[in-house]
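S.K.: Everything below, folded, please.
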Amino acid sequence: MASSGTSWGIEIGAYALKAIKLEATGDGKCKVVDHAIIPHAKVLSTPGVDANDVVRLTLGQFNSQYDTSKSSLVVSIPGHSSFARFAKLPPVEPKKVPGIVKFEAAQQIPFPLEQVEWDYQTFITPDSPDIEAGIFAVTKERVAEKLAMLSDVGLTPTHVALGPIAVYNALAYDLDFDNTSPGTIIVDVGTTSTDLVVATPGRMWVRTFPLGGHQFTEALVSQFQLSYPKAEKLKREAQDTKHARQVFQAMRPVFTDLAQDIQRSIGYFQSINKDAALTRVIGVGNTFRLPGLRKYLKQQLGMDIYRVEQFKKIGSGAAVANSDDDEGGEQTQAIIDPNDKAASLAHGSLELVSAYGLALQGLGLNAVSCNLMPVEVTRKAMWKGKTKWFLGAAGVALAASAVLMVGPVQAHFASSAAVPDPSIQQALNLAKQIKGQAEEAGVTKSDGADLKAANLLKLQDRAWVYPQLTKDIQDIFAYANERAQTWGSVIGQEWKPTGPAVSLTAVEDFFVAPSPDSEIEHRKFPGVEITVAADLRVPEARRFATETIARWLRDNATREGVDYVLVFNPALEMKAADTTGAQASAANNLALPGGAGGGGGRETAASGRGRDDAPGGARTPGAAPGRNQRTPGGRQPAPSQGRITGEGPSGNVSETTSPDAMAPLAAGDMGGPVLGRVTFRFTAFLKPYVKPAPAEGAAEGGAAGGAGGANSGGGS
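M.R.: Next up is the predicted model:
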């Protein structure tokens, strides 16, 4: 949709509504026309507050004071309510990038794509052939909720963007980010969460963590025994009182948590971007007015800390002078005349950054594109805008063709008065009767072919890959347990495993039908999807899983002599461990055949309805419908027996495997309490394959069809 000459950017924060109106002036430039900061009647994080009612009241106040009817209107979804994922793409032709990004989106976004609104942006780093995609998404439910709230007060947005992307766009425009700009960390501390944006030449990266101004207020509530509204007021006015130092001391633990989260985020970014040089931090958000915050972060991060004092490129005027807060002591702040728009904008620039970036997107001046507006809503708005032109054109056409229509109308009434031949009506009635009988018999349905039988045969045809897949899972667990021996030194703790650090709890597998028309080469061939659930008995379990399980799968994607390619879904599903009774024996926690222990089957990440077709009739709680869940302790057929037990989604078929053969578990051999539970998923896409001929002299129907892999011609 073409943008208009003016644009409103509106951020609905937990403390206030912030908005800026920009007007394009040509040559990629713009100027500020108006702005607004309207505090809510109550901070949305206040206990017991109905946030939706408060927001509607503020939106109504804004809409009654400002005219948005002739401008683009861009609103944001906060970072903590959305998803931002980044993936490096293989070197492919540009026309194939959308297909690969869609595949990555399906892997990275923790919801089915049909349940989210998503968009992406590609990034190219200077002097590097690598292409990276930023994938941004939000659930359709959240978008619908936001649009309904705006519609209630008569506002109709043209774009929906992500808050952290808007912040990046604002500073990229205002500070002229280019390939020579220093590596910059943008920290936007909101009320309930903090968005950290890393900007390096040619690209950006986002992480959001749940710590913000709310935690600072809670610290004052606890320290001074105040009500939440009074603590919020004290926090915001601390810089103007003689008690600023005491307030800082009360909030110091939250400062520490904030600094640690920032350090962890920077550390993770640099671990995957070792050449990135980050030299400065820019603070955004009203929380950066807190006394002593910049000094503390500078000490902890070892970098210069700046905050936005004014907008340089949209004519905001000179910054309003505030005393430096580096010492964390008493401060004074100039009194702002609300009628002085330039001074008011300069003073409010610290909290208007996101709105600035949103308005830039409405004018098409954004560096990163992200529009999560539902397509059907956009289409409806476009047609609504064109309706008046269609009505006018229709009126002209009607008047011009009135004379031409007289003859056909007269002919129509003449033919309507004629009596049709009875044989015609009899033929029509007979055809209608035959059609009804055919529909009742179900012969007119156009359902696709049932491929279940073909998939069953394909499983048997290449069942020899299962021993190699079994060995892969064994190797993953062996590698993880070997790394666990030195894990204490990696994390800087005095810790040693007292038993297996990683233990298997369940395995699922499916046949994946080939997609000959796929733009991704390996998807043209059949595959086997493996889902593994495991218990971790190591501190910092998530990091351990990433540095062992994920690393093994990445490093072993393609191997010589292995007849498949591993494609790994990097979205490890972690669950907090319930350590109650964690030392109980394995036999009490696993579903066994014949009903033994059936009431205590482990729940996997694919939790859903339990199944009643477990071996021996034992019900396995937590197994997803249509999947085969295998648990240690259940004596189920090994892959070489080729037993088919059920069908997976979309007609895919799964085959049982014995996890006992992969990672045998005996009661009492565990090494300490469960500290984390992980579910990881990978797919083995089979390489082009010609079935080997039987060995010379072999009996008819011999080893060529065996599932054990002895005559596989390439199996392990």
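S.K.: so where is the stretch 601-716 of the chain shaky, pLDDT-wise?
M.R.: 601-671, 688-716 (pLDDT under 70).
S.K.: I meant the chain, not that one.
M.R.: Applying pLDDT under 70 to the chain flags the ranges 1-4, 239, 315-339, 378-464, 569-671, 688-716.
S.K.: For residue 18, see how far away residue 469 is.
M.R.: Noted for residue 469: a distance of 53 Å to residue 18, by C-beta to C-beta, to the nearest Å. (C-beta placed from N, C-alpha, C; glycine too.)
S.K.: could you say what helices and strands the helix or strand hosting residue 75 packs with?
M.R.: Here residue 75 sits within strand 72-77, counting by DSSP states H and E. In terms of contacts (3 or more C-beta pairs under 8 Å, 6 or more residues apart in numbering; DSSP states H and E), strand 72-77 is packed against strand 6-12, helix 140-152, strand 159-162, helix 163-174, helix 353-362.
S.K.: Regarding residue 264, what is its secondary structure?
M.R.: helix (DSSP: H, G, I helix; E, B strand; the rest coil).
S.K.: For it, give me its contacts.
M.R.: The contact partners of residue 264, by C-beta atoms under 8 Å, 6 or more residues apart in numbering, come to none.
S.K.: Just the residues contacting stretch 214-221, thanks.
M.R.: Stretch 214-221 is contacted from outside by 14, 43, 45, 191-192, 226-228, 231-232, 234-235, 247, 250-251, 253-254, 257, 287, 290, using C-beta under 8 Å, 6+ apart.
S.K.: Could you identify the buried members of those?
M.R.: 14, 43, 45, 191-192, 226, 228, 231-232, 234-235, 247, 250-251, 254, 287, 290 (16 or more other C-beta atoms under 10 Å).
S.K.: Please list the members of these that lie in helices.
M.R.: 228, 231-232, 234-235, 247, 250-251, 254 (DSSP state H).
S.K.: between these, which is closest to residue 105?
M.R.: Using C-beta to C-beta, residue 254 comes nearest to residue 105 of these, at 35.2 Å.
S.K.: Return the distance of that closest one relative to residue 293.
M.R.: 10 Å.
S.K.: the strands in the stretch 251-400 of the chain, which residues?
M.R.: 278-284, 304-307 (DSSP state E, counting those that start in this stretch).
S.K.: Can you say which of those is nearest to residue 523?
M.R.: With C-beta to C-beta as the measure, strand 278-284 is the member of these nearest residue 523 (37.2 Å).
S.K.: Tell me the strands beside that closest one, with direction?
M.R.: Counting by DSSP bridges, the strands paired with strand 278-284 are strand 183-189 (parallel), strand 304-307 (parallel).
S.K.: does residue 75 have beta-bridge partners, and which?
M.R.: If you apply DSSP bridges, the partners that residue 75 bridges to are residue 10, residue 160.
S.K.: Could you pull up the residues touching it?
M.R.: Residue 75 neighbours (C-beta under 8 Å, 6+ apart): 10-12, 146, 150, 157, 159-161, 358.
S.K.: Top of those residues by number of neighbours, please.
M.R.: Highest neighbour count within those, by other C-beta atoms under 10 Å: residue 358, with 35 neighbours.
S.K.: Could you find the closest non-adjacent residue to that one?
M.R.: If you skip the residues right next to it in sequence, residue 358 has residue 9 as its closest partner in space, 2.9 Å away by C-beta to C-beta, 6 or more residues apart in numbering.
S.K.: thought the one you found was touching residue 30?
M.R.: No - Residue 9 is beyond contact range of residue 30, at 11.3 Å (criterion: C-beta atoms under 8 Å).
S.K.: list residues touching both of these two?
M.R.: When contacts are counted by C-beta under 8 Å, 6+ apart, the set common to residue 9 and residue 30 consists of 22, 360.
S.K.: Pick out whichever of these two has more residues nearby.
M.R.: Counted by other C-beta under 10 Å, residue 9 and residue 30 do not tie: residue 9 has more neighbours, with 32 against 23.
S.K.: That one: what's it in contact with?
M.R.: Applying C-beta under 8 Å, 6+ apart, the residues near residue 9 are 19-22, 74, 76, 166, 354-362.
S.K.: ok, now how distant is it from residue 194?
M.R.: Separation of residue 9 from residue 194 (C-beta to C-beta) stands at 20 Å.
S.K.: With residue 261 instead?
M.R.: Residue 261 is 7 Å from residue 194, where distance means C-beta to C-beta.
S.K.: With residue 92 instead?
M.R.: The spacing between residue 92 and residue 194, counted by C-beta to C-beta, is 36 Å.
S.K.: and if you look at residue 175?
M.R.: Counting by C-beta to C-beta, the gap from residue 175 to residue 194 is 20 Å.
S.K.: who's more crowded, those two?
M.R.: Set residue 175 next to residue 194 and count neighbours by other C-beta under 10 Å: residue 194 wins out with 27 against 16.
S.K.: how about the more buried one, what does it touch?
M.R.: If you count contacts by C-beta under 8 Å, 6+ apart, residue 194 has them with 187-188, 208-209, 211-212, 258, 261-262.
S.K.: Let's verify residue 25: helix, strand, or coil?
M.R.: Here residue 25 is recorded as strand under three-state DSSP.
S.K.: That one touches residue 6, doesn't it?
M.R.: No - if you go by C-beta under 8 Å, residue 25 and residue 6 don't touch, sitting 10.8 Å apart.
S.K.: between the two, which one's more packed in?
M.R.: residue 6 (19 against 13).
S.K.: quick one: contacts for the spatially closest residue to that one that is not a sequence neighbour?
M.R.: Nearest residue to residue 6, sequence neighbours excluded (C-beta to C-beta, 6+ apart): residue 71, at 4.2 Å. Applying C-beta under 8 Å, 6+ apart to residue 71 gives the contacts 4, 6-8, 21, 362.
S.K.: List only those of those flagged as buried.
M.R.: Going by neighbour count (16+ other C-beta under 10 Å), those have 6-8, 21, 362 buried.
S.K.: Now the two most distant members of these.
M.R.: Taking C-beta to C-beta, no two of these sit farther apart than 21 and 362, at 9.5 Å.
S.K.: what do these two both touch?
M.R.: With C-beta under 8 Å, 6+ apart, residue 21 and residue 362 have common neighbours 7-9, 71.
S.K.: quick one: strands adjacent to the helix or strand following the strand holding residue 75?
M.R.: The helix or strand immediately downstream of strand 72-77 is strand 83-89, counting by DSSP H and E. If you go by DSSP bridges, strand 83-89 pairs up with strand 131-139 (antiparallel).
S.K.: and the angle from the strand it pairs with to helix 140-152?
M.R.: 60 degrees (axes from the mean of the first three to the mean of the last three C-alpha atoms, to 10 degrees).
S.K.: what angle do strand 131-139 and strand 72-77 make?
M.R.: Using the same axes, to 10 degrees: strand 131-139 against strand 72-77 is 90 degrees.
S.K.: Please save the CA atoms from strand 131-139 in CSV.
M.R.: The C-alpha coordinates for strand 131-139 follow below in CSV (Å, rounded to 0.1, in the frame of the first residue of the first chain):
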residue,chain,number,x,y,z
ILE,A,131,22.9,-14.1,3.8
GLU,A,132,21.0,-14.0,7.1
ALA,A,133,17.3,-13.7,7.5
GLY,A,134,15.5,-12.1,10.4
ILE,A,135,12.1,-13.7,10.9
PHE,A,136,9.5,-11.8,12.8
ALA,A,137,6.2,-13.2,14.0
VAL,A,138,3.3,-12.7,16.3
THR,A,139,0.2,-14.9,16.9
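S.K.: Show me the contact partners of it.
M.R.: Outside strand 131-139, the residues that touch it by C-beta under 8 Å, 6+ apart are 77, 81-89, 91, 97, 101, 104-105, 108-109, 111, 115-125, 160, 162, 165, 203-206, 368, 370, 372.
S.K.: If we use 6 Å, what do you get?
M.R.: Here strand 131-139 makes contact (C-beta atoms under 6 Å, 6 or more residues apart in numbering) with 77, 82-89, 101, 105, 108-109, 116-124, 162, 370, 372.
S.K.: on that earlier part again, most neighbours out of the contacts of residue 194, which is it?
M.R.: Most neighbours among the contacts of residue 194, by other C-beta under 10 Å: residue 188, with 27 neighbours.
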